[in-house]
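J.: need the 3D shape of this:
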Amino acid sequence: MNTLLSIGHGYSAEALAQRLLPQGWRVIGTTRRPEKARRLEAAGVEPVLLPGSLREALAAATHVLVSVAPEEAGDPILRDHAEELRAARPRWVGYLSTTAVYGDHAGGWVDEETALTPTTARGHARVAAERGWAALGLPLQIFRLAGIYGPGRGPFEKVRDGTARRIIKPGQVFSRIHVEDIAQVLEASIARPRAGGIYNVCDDDPAPPEDVIGHAAELLGLPLPEAIPYDQAEMTPMARSFYAESKRVRNDRIKAELGVTLIYPTYREGLAGLLAAEGDHARITGA
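T.: Numbers count the residues shown, from 1 in each chain. I've put the predicted structure just below:
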């Protein structure tokens with residue numbers, strides 16, 4: 001039986017599990033919260049609570065997906081489970097990283113061969129984590145994810161309640177990716193594994209963030225949210241760190257090597273899909 005051990009079973013891993021479970025896969029997911037363990041079990045995922053040993057789960061796993069972000073002190077999974085990981089023999093290991101490893105390119109294009117020149121603490125931590133995972137000698141594939149959106153993570157709620165803002169920073173562009181496209185890229189890699197493979201996971205249309213918010217408002221038939229210059233905007237340190245970098249990310253490799261055709265090639269299709277799914281849910285539940 002194919003068995004996926006999902007270390008740090010989060011948003012993207014849940015989307016992959018929804019694809020694998022109907023195919024007869026066994027999915028084991030780790031979490032640090034007992035209440036989430038109960039939710040995993042209800043969704044058909046076997047929960048493993050951390051901290052604790054991963055030895056038994058790794059022994060059963062044919063495939064391993066790692067979604068845990070590094071901490072200030074380094075990657076907690078490498079710190080606590082390196083020996084267990086080295087002893088494991090999975091056929092495929094996927095590590096979810098971020099396009100922040102490329103740093104700032106002033107709106108220019110980057111691909112998987114671009115030098116890693118991170119400019120944020122988050123980016124530096126990811127570069128170190130990628131190298132740490134590669135050093136284990138496992139059949140590792142690295143997936144550098146752009147900004148993730150999808151069900152429950154779209155702009156519509158903020159546009160509806162009037163808290164959305166169009167923060168204007170001239171020249172700023174972001175790449176993004178719908179969670180369903182992340183899941184299909186991971187599934188395609190499992191079907192076509194290449195140890196040492198590195199893949200950018202993003203859509204075809206890097207765009208200014210204010211364009212995405214504006215399009216969401218247009219779809220809802222609501223007024224355009226207020227435009228605020230970047231230097232006057234109040235933001236969390238995490239949000240501001242995203243605006244510290246501007247780049248366009250190429251995704252040719254997932255298409256050429258993994259045969260992926262994006263479900264949502266731009267944010268326009270992605271937002272339309274989210275809105276349609278909201279309507280389907282309302283009709284089913286009577287909400």
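J.: what about the strands in the stretch 101-250 of the chain?
T.: 109-110, 140-145, 147-149, 166-168, 176-178, 198-201, 227-229, 248-249 (DSSP state E, counting those that start in this stretch).
J.: dump these to TSV, plus mean neighbour count.
T.: From N, CA and C alone the C-beta is placed, and that goes for glycine too. Putting these into TSV (neighbours: other CB atoms under 10 Å) gives the following:
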stretch	mean neighbour count
strand 109-110	16
strand 140-145	23
strand 147-149	19
strand 166-168	19
strand 176-178	26
strand 198-201	24
strand 227-229	12
strand 248-249	22
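J.: so where do the helices sit in the protein?
T.: 11-20, 34-42, 55-60, 76-87, 121-134, 156-161, 179-191, 209-220, 237-243, 252-256, 267-285 (DSSP state H).
J.: mean pLDDT for those: which is lowest?
T.: Sorting the helices of the chain by mean pLDDT places helix 267-285 lowest, at a mean of 79.
J.: one step back: which one of the helices of the chain lies closest to Glu112?
T.: helix 252-256 (5.8 Å; CB to CB).
J.: what are the buried residues along the closest one?
T.: Arg253, Ile254 (16 or more other CB atoms under 10 Å).
J.: repeat that for stretch 1-11.
T.: Thr3, Leu4, Leu5, Ser6, Ile7, Gly8, His9, Gly10.
J.: what sits against the nearest residue to His9 once chain neighbours are set aside?
T.: If the residues on either side of it in the chain are set aside, His9 comes closest to Gly29, at 3.0 Å by CB to CB, 6 or more residues apart in numbering. Under the criterion of CB atoms under 8 Å, 6 or more residues apart in numbering, the neighbours of Gly29 are Leu5, Ser6, His9, Ala13, Ala17, Leu40, Val45, Glu46, Pro47, Val48.
J.: again, only this time at 7 Å
T.: Neighbour list for Gly29: Ser6, His9, Ala13, Leu40, Val45, Pro47 [criterion: CB atoms under 7 Å, 6 or more residues apart in numbering].
J.: leaving out the residues flanking it, which one is nearest to the fifth one?
T.: The one in question is Val45. Gly29 (4.4 Å).
J.: Arg19: neighbour count?
T.: 15 (other CB atoms under 10 Å).
J.: any idea how many residues pack against Arg160?
T.: Other residues close to Arg160 by other CB under 10 Å number 13.
J.: quick one: neighbours of the residue nearest to it when sequence neighbours are not counted, just the number.
T.: Nearest non-adjacent residue to Arg160, counting by CB to CB, 6+ apart: Leu220, 6.6 Å away. Per other CB under 10 Å, the neighbour tally for Leu220 reads 14.
J.: do Ala121 as well
T.: 13.
J.: let's see the distance spanning stretch 257-272 from one end to the other.
T.: 28 Å (CA to CA, to the nearest Å).
J.: contacting residues around that stretch?
T.: 149, 154, 176, 178, 180-181, 184-185, 188-189, 192, 203-205, 207, 212, 215-216, 219, 254, 273.
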